[in-house]
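Visitor: Provided below for reference: sequence and predicted model.
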Amino acid sequence: MSFSMRINFVDVIVEGSLKNSYVNGHKTGYEFDIRLSYYRGLFLSCVDSFSLVVDGEVISNDRITLGLNHKEFFVDQLGDLNAEFWELLAPAKIKVMKQGGLAEGEHHIKLELFLRVPYLPVPGSEEDHQYVPLDSCGEKSLCIHEGRGE
């Protein structure tokens, strides 16, 4: 499909949310928050495409989880989650498993997140059930400052 809908209500990648993750005092990865760039919430099963690049490194989906509604899901599970609703104003937490986390300083994050709008079928696509794609992608540089909780 050659088009997608884009509505920029918020920055998708939440400013100041990047930090390292710790388990028993050891850096096990890093995390940051994202929001929907849309005017209403959607079910997680509406996620059609998700990819993440951090500092030029393509992160494989088996190392990424999305936290929402006090639950955590691997990215490859999202298409099956038709009972998990992403509220409009609720940030989702992206966690990446990476021993040692990220170094202090600035890091560039590029998120590709395409969803389908289940109530907007593409005209003429009744047989193959295509829906209008929603571009909720984002790109931003964020900083980690160890010891200051950022």
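Guide: Thanks, I have the structure now. Residues are numbered from 1 along each chain as shown.
Visitor: name the helix or strand of this protein that has the lowest mean pLDDT.
Guide: When the helices and strands of the chain are scored by mean pLDDT, DSSP states H and E, strand 131-135 comes last with a mean of 79.
Visitor: mind listing what's buried along whatever helix or strand residue 33 lives in?
Guide: Here residue 33, judged by DSSP states H and E, is contained in strand 26-34. For strand 26-34, a neighbour-count test (16 or more other Cβ atoms under 10 Å) marks 28-34 as buried. C-betas here are computed from N, CA, C, even on glycine.
Visitor: ok, now how distant is the closest residue to residue 130 other than its chain neighbours from residue 46?
Guide: Distance criterion Cβ to Cβ, 6 or more residues apart in numbering; nearest residue to residue 130, sequence neighbours excluded, is residue 122 at 4.3 Å. In this view, residue 122 and residue 46 are 15 Å apart by Cβ to Cβ, to the nearest Å.
Visitor: so how far is residue 27 from the closest residue to residue 104 other than its chain neighbours?
Guide: Nearest residue to residue 104, sequence neighbours excluded (Cβ to Cβ, 6+ apart): residue 146, at 4.9 Å. Distance, residue 146 to residue 27, by Cβ to Cβ: 9 Å.
Visitor: what is in contact with the two at once?
Guide: Residues touching both residue 146 and residue 27 (Cβ atoms under 8 Å, 6 or more residues apart in numbering): residue 20.
Visitor: report the buried residues of the longest strand out of those in the chain.
Guide: Identified as the longest strand of the chain according to DSSP state E is strand 105-121. Neighbour-count burial for strand 105-121 flags 107, 109-111, 113-117 (criterion: 16+ other Cβ under 10 Å).
Visitor: tell me which of those has the lowest pLDDT.
Guide: Lowest pLDDT among those: residue 117, with 80.
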